[in-house]
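Peer 1: 3D, please:
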Amino acid sequence: MKQRFDVIVLGGGPAGLSAGIYLGRGRLKTLIVDTGTIGGQTVFSYSVANYPGVEETAGMAISRIMLNQAKHFGCKVISQAEISSLELGTKEKTVVVEDEGTFLTRAIIVATGGIPRTLGLESENRFKGKGISYCATCDGDFFTNKPIVAIGGGNSALEEALALTQFASKVTVVHEFDHFQAQPWVVSEAEANPKIDFLMEQDILDFEGDEKLERVIVTHKKTGERTVIHADGCFIFIGYVPNTSEFRDLLELTDSGEIIVDEDMRTGVPGVFAAGDVRSKRYRQITTAVADGTIAALSAAEYIQHRE
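Peer 2: Numbering: from 1, shown residues only. Below you'll find the model as predicted:
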């Protein structure tokens, strides 16, 4: 059986839920579909201290509030979904969800988010949220006056390392090459900061600790020399992977796979919008995702109104 909605939101993170809240409040029949757990990457944040108007709380709690708001305004929500097929190029767009049916809509908001690129170590997964983080802005102040490690050598890695010096007693930047990929001015600023040390041409072997991270084990690529770095925290900045594989032939993407949109979150396909970490952008925070979702919802509502 086919069901019709005014708007379908793909993704249930902060961007998708914010879009749903605005659409539902605007009395548009809205479906939110997520292939994972509702809340996106936010649910993995042990504590969020910089969300305006909300005292420090777990990311899961913020996600639950957003979900309840979306439902309160009438959104239908499907989680752990498997999307069988998408049709975006027609006036009436189609989303087929396995075991749920076929859904038709006039507009789609893509808010499928993304994930930080990981090293792939078992111990990395074990210490996520227990010393290992992927966001200096989110978690930097939890390591005030403590030694930490920053892994990576691009702009993001060195910029985040500089930001972390506001909190940490010492930041050790670990990079796999003998040179940085960051812009020269970022490198110069990092090298001039007395709180930052560098370990170049290093492979990450392991993370160690009892209940939380205590040590980062690295080895030199050429000499094989093993180094133990004592640290309370480790921030990994080796790239970001947007969840856009199913849109590669449907939407215009950057070389890194991010969806290209204008300031109103419109893609190049009429009636298709994108919001949050899935789109091409510099800053990735809960607040920026919420703003994107709001703009995408208002743009989608305007699109539908003009069509009518």
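Peer 1: Does Pro147 touch Lys170 like I think?
Peer 2: Yes: counting by Cβ atoms under 8 Å, Pro147 does reach Lys170; the two are 4.5 Å apart. (Glycine included, C-beta is placed from N, CA and C.)
Peer 1: Now do the contacts for the residue nearest to Gly39 when sequence neighbours are not counted.
Peer 2: Closest residue to Gly39 apart from its sequence neighbours, by Cβ to Cβ, 6 or more residues apart in numbering: Ser63 at 3.0 Å. Residues near Ser63 by Cβ atoms under 8 Å, 6 or more residues apart in numbering: Gly13, Pro14, Leu17, Ile38, Gly39, Gly40, Thr42, Val43.
Peer 1: For whichever strand or helix holds Ser63, buried residues please.
Peer 2: If you go by DSSP states H and E, Ser63 is part of helix 59-72. By neighbour count with 16 or more other Cβ atoms under 10 Å, helix 59-72 contains the buried residues Gly59, Met60, Ala61, Ile62, Ser63, Met66, Leu67, Gln69, Ala70, Lys71.
Peer 1: and the following helix or strand past it, what other elements does it pack with?
Peer 2: Per DSSP H and E, the first helix or strand lying C-terminal to helix 59-72 is strand 76-78. The contact analysis (3 or more Cβ pairs under 8 Å, 6 or more residues apart in numbering; DSSP states H and E) places strand 76-78 against strand 30-33, helix 59-72.
Peer 1: So for Arg279, which of those sits nearest?
Peer 2: Among these, strand 30-33 comes nearest to Arg279, with 17.5 Å by Cβ to Cβ.
Peer 1: which residues sit against the closest one?
Peer 2: Under Cβ under 8 Å, 6+ apart, the answer for strand 30-33 is 3, 5-12, 16-17, 20, 23-24, 38, 70, 74-78, 81, 83, 95, 97, 103, 105.
Peer 1: Trp111 reaches Leu10, doesn't it?
Peer 2: That one is not Trp; residue 111 is Ala. Yes: with contact defined as Cβ under 8 Å, Ala111 reaches Leu10; the gap is 6.4 Å.
Peer 1: between those two, what contacts are shared?
Peer 2: Listed as contacting both Ala111 and Leu10 by Cβ under 8 Å, 6+ apart are Gly16.
Peer 1: quick one, which of the two is more surrounded?
Peer 2: Ala111 (34 against 26; other Cβ atoms under 10 Å).
Peer 1: Please report how far Gly114 lies from Gln285.
Peer 2: Applying Cβ to Cβ, to the nearest Å, the value for Gly114 to Gln285 is 13 Å.
Peer 1: between the buried residues of helix 59-72, which is nearest Thr90?
Peer 2: Nearest to Thr90 among the buried residues of helix 59-72, with distances taken as Cβ to Cβ, is Ala70, at 26.5 Å.
Peer 1: So the closest one versus Ser18, what's the distance?
Peer 2: 9 Å.
Peer 1: now Asn243
Peer 2: For Asn243 relative to Ser18 (Cβ to Cβ), the value is 17 Å.
Peer 1: So between these two, which is more surrounded?
Peer 2: Ser18 (27 against 21).
Peer 1: Surely the more buried one is in a helix?
Peer 2: Yes: using DSSP: H, G, I helix; E, B strand; the rest coil, the secondary structure at Ser18 is a helix.
Peer 1: picking up where we left off before, just the buried ones from the contacts of strand 30-33?
Peer 2: For the contacts of strand 30-33, buried by 16+ other Cβ under 10 Å: 5-12, 16-17, 20, 23-24, 38, 70, 75-78, 81, 83, 95, 97, 103, 105.
Peer 1: For Leu267, give me its contacts.
Peer 2: For the record, residue 267 is Thr, not Leu. Taking Cβ under 8 Å, 6+ apart as the test, what Thr267 contacts is Val110, Leu251, Glu252, Ile259, Ile260, Val261, Phe273, Ala274.
Peer 1: mind redoing it with 6 Å?
Peer 2: Taking Cβ atoms under 6 Å, 6 or more residues apart in numbering as the contact definition, Thr267 lies against Leu251, Val261, Ala274.
Peer 1: do Gln285 as well
Peer 2: Applying Cβ under 6 Å, 6+ apart, no residues contact Gln285.
Peer 1: just the one 10 residues further on next, same as before
Peer 2: Contacts for Ile295 were tallied using Cβ under 6 Å, 6+ apart; they are Met265.
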